[in-house]
Structures are given as structure tokens and as C-alpha cells.
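Undergrad: no FASTA, just this:
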């Protein structure tokens, strides 16, 4: 059985430059949509996982995400899953 983090990292390994999402970014006059690759998102997820681990997140640790819906919410969720948090 494969886990969500394992499936994500498998996708990163197979096509790191594939655009996974377009992220809204302010441009001074409104918003523009910037492409974000699997490799870029993997970098965010790994960085978040390191910071969460430093804060004590470990397997079985409950973690709450209180945030607006965004790609960062999804990255936090994936980072928590990578650490075995619930």
C-alpha cells in the first residue's frame, strides 16, 4: 500500500519540472498566476517538514492547520503527513 506522501514524491521523481499548480501572486496592479512545479512544491513541503519536526511533530502527533485555503495549506498538510502527524 502506498501513502499520499510516497505518491507525491514518486511524481516529483518522475517529472520534477511538471507544473502542478498556478499560484496567485500580487503584481502591484492586481494578481498574476505563476506556475509552480513539482520540484518547487517538494522544496516547500520538505522545508515545512523540517521546521515542524524541529517543533516536535512526530508520528501520531496531532496537528491543526488554521489558514485560508491556498497551496501553502496543502503543503502544510503534506508535510504533516510526511512526519506521520495526524
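TA: Arrived safely, thanks for sending. For clarity, every value in this text was computed on a predicted model and none was experimentally measured.

Undergrad: model confidence score at residue 1, please.
TA: For residue 1, the pLDDT comes out at 62.

Undergrad: doesn't residue 4 make contact with residue 81?
TA: Yes - applying Cβ atoms under 8 Å, one finds residue 81 in contact with residue 4, separated by 5.6 Å. Every C-beta, even on glycine, is put in place using the N, C-alpha and C of the backbone.

Undergrad: for the spatially most central residue of the chain, give me the pLDDT.
TA: Geometric centre of the chain, nearest residue: residue 75, 2.0 Å, by Cα atoms, centre = their mean. Here the pLDDT value assigned to residue 75 is 95.

Undergrad: surely it and residue 46 touch.
TA: No - if you go by Cβ under 8 Å, residue 75 and residue 46 don't touch, sitting 9.6 Å apart.

Undergrad: just list the residues touching residue 23, thanks.
TA: Counting by Cβ atoms under 8 Å, 6 or more residues apart in numbering, residue 23 touches 33-36, 70-71.

Undergrad: I'd guess it is in a helix, am I close?
TA: No - counting by DSSP: H, G, I helix; E, B strand; the rest coil, residue 23 is not part of a helix but strand.

Undergrad: any idea how far it is from residue 81?
TA: 21 Å (Cβ to Cβ, to the nearest Å).

Undergrad: equivalent analysis for residue 38, please.
TA: On the measure of Cβ to Cβ, residue 38 and residue 81 end up 16 Å apart.

Undergrad: also residue 56?
TA: Taken as Cβ to Cβ, the span from residue 56 to residue 81 is 16 Å.
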